[in-house]
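A.B. asks: all I have is the shape, not the residue letters:
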């Protein structure tokens, strides 16, 4: 069992924190926004200095799903003084809104440029086993449900077809004046995620949303991983 997953299991948790999920994916070669856990303001400053400003800061707790709703997310922190002030601000806000929550610390994340949003996900189908999903982000996945699926593990042709099957693919291909996305980079990202799922059967659900696609490269900005229970179902 992967060490990150084993540590979460040992703590009795059914899902990874965002930092843990990104560590798991990064170890598998998936490009993710640099994200580091800080338990003190000094650690947060060190992390931000290493990542480079500006940074995003988020509360890390398996018990807090909607971080923004309670003041647990701050964007665009510009310098060390801002990191210290934001660390205190988030800590105080969470203590008031969720005083009994189990908090691991605060994530310090690189604030990457906006790109074309896509979503890459995975789940475990009772019949077919691990299955991957791809679609455009935002309204396309939420309202139009414009997504495609493939059974894990994926081969190169599967990744090629998965991306091109969605109705919104022309937007990735430069239609309507959109920047043409680096589809080859998206294919490689999909293949890396497939490999992570295939080599970690403890993963019941995986969600990378958003993934930013650029004209050169692609990167997962947020990641969510749910673990299976001991009987093989979603915990």
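C.D. replies: Arrived safely. All values derive from a computational prediction rather than experimental measurement.
A.B. asks: strands along the chain, start to end?
C.D. replies: 35-38, 55-60, 73-77, 105-110, 116-125, 129-136, 147-151, 203-213, 218-220, 223-227 (DSSP state E).
A.B. asks: give me the buried positions along the fifth one.
C.D. replies: For strand 116-125, burial by neighbour count (16 or more other C-beta atoms under 10 Å) applies to 116, 117, 118, 119, 120, 121, 122, 123, 124. Just so you know, the C-beta spots here come from the backbone N, C-alpha and C atoms, and that holds for glycine as well.
A.B. asks: residue 21 is in contact with residue 223, isn't it?
C.D. replies: Yes - between residue 21 and residue 223 there is a contact under C-beta atoms under 8 Å: 4.0 Å.
A.B. asks: which neighbours do the two have in common?
C.D. replies: Shared contacts of residue 21 and residue 223 (C-beta atoms under 8 Å, 6 or more residues apart in numbering): residue 206.
A.B. asks: and which of the buried residues of strand 116-125 is nearest residue 109?
C.D. replies: Nearest to residue 109, judged by C-beta to C-beta, of the buried residues of strand 116-125 is residue 117 at 16.6 Å.
A.B. asks: wait, doesn't that closest one sit right on residue 135?
C.D. replies: No - counting by C-beta under 8 Å, residue 117 does not reach residue 135; the two are 9.8 Å apart.
A.B. asks: in stretch 208-217, what's buried?
C.D. replies: Those would be 208, 209, 210, 211, 212, 213, 214, 217, for stretch 208-217 by 16+ other C-beta under 10 Å.
A.B. asks: quick one: residues in contact with that stretch.
C.D. replies: Outside stretch 208-217, the residues within contact range by C-beta under 8 Å, 6+ apart are 25, 30-31, 112-121, 137, 172, 179-183, 185-186, 189, 193, 218-224.
A.B. asks: report the buried members of those.
C.D. replies: Of the contacts of stretch 208-217, these count as buried by 16+ other C-beta under 10 Å: 25, 30-31, 115-121, 137, 172, 181-183, 185-186, 189, 193, 218-224.
A.B. asks: ok, and what's touching the worst-scoring helix or strand of the chain on mean pLDDT?
C.D. replies: Lowest mean confidence among the helices and strands of the chain (mean pLDDT, DSSP states H and E): helix 139-142, at a mean of 75. By C-beta under 8 Å, 6+ apart, the residues outside helix 139-142 that reach it are 119, 135, 146, 147, 166, 168.
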